[in-house]
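Colleague: Sequence and computational prediction follow.
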Amino acid sequence: MPPINNLFRPFFAQNTRLLRQPFSTPRRAEIMTTQVAFAAAAVGIGAYVYMRSGATAAPATSATGASSDTTKPYFSGFGFRTLKLHSSEVVNHNTKKLRFELPDPNQSSGLTLSSALLTVSFPPTNGRWTPVIRPYTPTNPLDEPGFVELTVKLYPDGKQSGYLHSLKPGDIISCLRIPEYVWQPNKHDHVALIAGGAGITPMYQLIQGILANPEDNTRITLVWGVNGDRDIFLKKEFAELQSKYPGRFRAEYVVSQPEAGSTYRKGYVNGKVLEELGLGANEAKNKSIKVMICGPPAMEKALKGGKGPFANKTGVLHELGYKPDQIYSF
Ligand SMILES: Cc1cc2nc3c(=O)[nH]c(=O)nc-3n(C[C@H](O)[C@H](O)[C@H](O)COP(=O)(O)OP(=O)(O)OC[C@H]3O[C@@H](n4cnc5c(N)ncnc54)[C@H](O)[C@@H]3O)c2cc1C
């Protein structure tokens, strides 16, 4: 069977084709598997969106596919949209930038600061169709017409990252808009964005959105922790923003395994590093600071402590004086 790349249309096409076959036991089993996968995807997506959006969005119950009305923002309303890959670019040893085109080159995406897209695919695993549902964060300016861009790090044996890296121009993916942190200009004097590895993508979206708004005066300090020098792929973009917005934006890099002769700060993003960078919550200049984090589980745990009711009450940020409501984790 060909891989099902698009959640709903190929999925239904697949089901219709199967139903036309004699209803033998193996066929029935196959349909059951597909139906179970469909149900699991719907439940999983609904639960995911519910959890992340604070129940502001209804769970997905149906697919709308691509909207034919190109006068409206593409992601207006709720439901799945399809995106066609326009081009892809290798940005470093494990990361690709994937540019997807909207149906109309003048159409806006309608994505608001900040947003992610929940992507769904059905790669075959052990002969079974199990839905893979993962969020990715658009990294082009959200007001750029005609395009949505995802920057995807490939994980070893990564199901969705492997699938996305395998896409060729013209291939289509299905995705659902999910609201993330709702950015309000000037609500905070200063935001500290702490990213680990591919966790840079929501930060890049925020940085571009905040700085592009002439009404927004928020200061931004980005601290990006990576494994090696070669993992830093947005250095030029950040250097340009830093010189264009002096005093408003600065980017700091922390590398755990730097190359010989590396000029980056060595180590992990810990309390000492954050203090050295002037990011203690008790400092007078940080009265209205907000810290946002996105990184691998170990990094998030070290920074904000345990999960659930224990979140943000222990850990490095707590020790630096941050109150739980000053911490947001993507
Ligand atoms: C809100 C949000 C936005 C995101 N945006 C992006 C984005 O823009 N770009 C991007 O590349 N990723 C992003 N991610 C991560 C992405 O959703 C997937 O988790 C990631 O691509 C791995 O999925 P996979 O199916 O390829 O890996 P899996 O098949 O789930 O796992 C494969 C292997 O990789 C390991 N692994 C998976 N995720 C991580 C991780 N984060 N750190 C360390 N090891 C890991 C697993 O333990 C496993 O060994 C985002 C996550 C969230 C929550």
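Modeller: Ah, there it is.
Colleague: Confirm residue 237 sits in a strand?
Modeller: No - under DSSP: H, G, I helix; E, B strand; the rest coil, residue 237 sits outside any strand and is assigned helix.
Colleague: where along the stretch 101-250 of the chain do the helices fall?
Modeller: Here the stretch 101-250 of the chain has its helices, by DSSP state H, counting those that start in this stretch, at 159-165, 200-212, 235-244.
Colleague: could these be laid out in CSV, adding mean pLDDT, mean neighbour count and distance to the ligand?
Modeller: Quick note: C-beta positions are derived from backbone N, CA and C, even for glycine. Rendered in CSV, the data for those read as follows (pLDDT from 0 to 100; neighbours: other C-beta atoms under 10 Å; distance: least, C-beta to the nearest ligand atom, whole Å):
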stretch, mean pLDDT, mean neighbour count, distance to the ligand
helix 159-165, 95, 19, 3
helix 200-212, 98, 22, 3
helix 235-244, 97, 13, 15
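Colleague: Any chance of JSON lines for these, columns distance to residue 301?
Modeller: Listed next are the helices of the stretch 101-250 of the chain as JSON lines, based on distance: least, C-beta to C-beta, whole Å:
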{"stretch": "helix 159-165", "distance to residue 301": "22"}
{"stretch": "helix 200-212", "distance to residue 301": "18"}
{"stretch": "helix 235-244", "distance to residue 301": "26"}
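Colleague: For the ligand, what's its nearest residue on the stretch 151-300 of the chain.
Modeller: Using C-beta to the nearest ligand atom, the closest approach of the stretch 151-300 of the chain to the ligand is made by residue 158 at 2.4 Å.
Colleague: measure that residue to residue 149 for me?
Modeller: According to C-beta to C-beta, to the nearest Å, residue 158 and residue 149 sit 19 Å apart.
Colleague: and the stretch 51-200 of the chain, which residues reach the ligand?
Modeller: Proximity of the stretch 51-200 of the chain to the ligand is confined to 116, 132, 134-137, 150-153, 155, 157-162, 198 under the rule C-beta under 6 Å from any ligand atom.
Colleague: Can you report how many residues neighbour the residue of the stretch 151-300 of the chain closest to the ligand?
Modeller: By the criterion of other C-beta atoms under 10 Å, residue 158 has 16 neighbours.
Colleague: who touches residue 311 in this structure?
Modeller: Residues in contact with residue 311 (C-beta atoms under 8 Å, 6 or more residues apart in numbering) are 304, 305, 324, 329.
Colleague: ranking those residues by neighbours, who comes first?
Modeller: The most crowded member of the contacts of residue 311, judged by other C-beta under 10 Å, is residue 304 (25 neighbours).
Colleague: low-scoring pLDDT stretches of the stretch 201-330 of the chain, where are they?
Modeller: Along the stretch 201-330 of the chain, no part satisfies pLDDT under 70.
Colleague: and it, which of its residues are near the ligand?
Modeller: 201, 202, 296, 330.
Colleague: ok, the residue nearest to the last one when sequence neighbours are not counted - contacts?
Modeller: Across the structure, with C-beta to C-beta, 6 or more residues apart in numbering as the measure, the residue nearest residue 330 apart from its sequence neighbours is residue 294 (3.9 Å). With contact taken as C-beta under 8 Å, 6+ apart, residue 294 is in contact with 194, 195, 196, 199, 200, 201, 202, 203, 300, 329, 330.
Colleague: swap in residue 69?
Modeller: Not one residue lies near residue 69 by C-beta under 8 Å, 6+ apart.
Colleague: How is it assigned, secondary-structure-wise?
Modeller: Following three-state DSSP, residue 69 is assigned to coil.
Colleague: list the buried ones in the top strand by length along the chain?
Modeller: Longest strand of the chain, by residue count under DSSP state E: strand 80-92. By neighbour count on 16 or more other C-beta atoms under 10 Å, the buried set for strand 80-92 is 80, 81, 82, 83, 85, 86, 88.
Colleague: can I see the domain layout of this protein?
Modeller: Here the domain parsing of the chain from automatic domain parsing is 9-179, 190-329.
Colleague: picking up where we left off before, could the contacts of residue 294 be laid out in JSON lines, adding distance to residue 271?
Modeller: Shown next, in JSON lines, are these (distance: C-beta to C-beta, whole Å):
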{"residue": "194", "distance to residue 271": "12"}
{"residue": "195", "distance to residue 271": "17"}
{"residue": "196", "distance to residue 271": "15"}
{"residue": "199", "distance to residue 271": "19"}
{"residue": "200", "distance to residue 271": "21"}
{"residue": "201", "distance to residue 271": "25"}
{"residue": "202", "distance to residue 271": "23"}
{"residue": "203", "distance to residue 271": "20"}
{"residue": "300", "distance to residue 271": "15"}
{"residue": "329", "distance to residue 271": "17"}
{"residue": "330", "distance to residue 271": "21"}
